[in-house]
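Quick one: sequence and predicted model below, then my questions.
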Amino acid sequence: MEIRRGQVIIHPPGHPFMLITYTVVGVVVAFLASSAIASATASLGVAGLVAGYIISLLIMMSPPLSFVNIVLGFIGTGYYEQVLEVEYVSFAGIPIPVPRISLVEKKTVLAINLGGGVIPITVSLLIIILLIGVGRIEALWALIASVVVTSLVTYAFSRTIPGVGIAVPALIPPLASAITVAVIAGGGPVAALAAYAGGTLGALIGADVLRLLHDIDKLSSPMVSIGGAGVFDGVFLAGVIALLLTY
């Protein structure tokens, strides 16, 4: 079956038991996040309340939607394989099969994971908008610093596994984000939101974007999903643990 851009591929990013555990954790963290958002956005009234509900719901939906990958395009691997094709030449009205061998480049499917890519990016952008709305500039600077530091640290610890994809130790991104935010903005609900956004964005940039750009010729795997297998744990836990550590 030919894979096309925009196609949805259902593929688990990890062991089903871990995803069930993450779903339960996601529900708990969603309640903590909603409390943090309520404290941070009290001055925004209904707008802050609605944003809080949306963010909490998205966090809870992240693990179950991590099965969904949306195809963005294809990456050339630089590796070629021989493909046998048969053409027919007509002679005296009789089709004669003529085998031909051609070289076809193997391609890696580039996708984005709904639960580990789209949702974390959306939640982080909403948090950034909320921080701007309530005028918490110090938390916003902490968030930006967290993205930079977490991206670099995650990139340093991530590895490209040929034939598999990109992997990153799950605890590295949240620790980098939480420490960075704590140093700049201290703790509390607002700092926790900054740590969540900084951790998730930093994990995605460091483990997927930077590592993908650097090791694009080493992939040789059938599919790489941004925020998907090998990275989902790091992205999801980056936000969860970073929020808990700075709450």
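Done, it's in. Remember, predicted model here, so these are calculated numbers, not experimental data.

Where do the helices of the protein begin and end?
With DSSP state H, the ranges of helices along the chain come out as 16-40, 46-61, 119-133, 137-157, 172-185, 189-204, 211-214, 232-246.

Show me the one of those that comes nearest Ile3.
Put simply, out of those the one that sits nearest Ile3 is helix 211-214, at 18.4 Å, with distance taken as C-beta to C-beta. C-beta: built from backbone N, CA, C; applies to glycine.

Next, the buried residues of that closest one.
Arg211, Leu212 (16 or more other C-beta atoms under 10 Å).

now do stretch 105-120
Of the residues in stretch 105-120, those buried by neighbour count under the rule 16+ other C-beta under 10 Å are 108-120.

ditto for stretch 170-190
Counting neighbours by 16+ other C-beta under 10 Å, one finds that the buried residues in stretch 170-190 are 170, 172-182, 184-185, 189-190.

Now do that stretch: distance to the chain's middle.
Per C-alpha atoms, centre = their mean, to the nearest Å, the displacement of stretch 170-190 from the mean C-alpha position of its chain is 19 Å.

So which of the buried residues of stretch 105-120 sits lowest on pLDDT?
On pLDDT alone, Thr108 ranks lowest of these, at 80.

Which of the buried residues of stretch 170-190 sits closest to Leu32?
Pro189 (9.0 Å).

any idea how far the closest one lies from Val29?
13 Å (C-beta to C-beta, to the nearest Å).

low-scoring stretches of this protein, by residue?
1-2, 14-17, 19, 30, 33-34, 36-48, 77-78, 163-164, 219-220 (pLDDT under 70).

Report the outermost residue of it with respect to its centre.
Relative to the centre of the chain, and counting by C-alpha atoms, centre = their mean, the farthest-placed residue is Ala92 at 59.8 Å.
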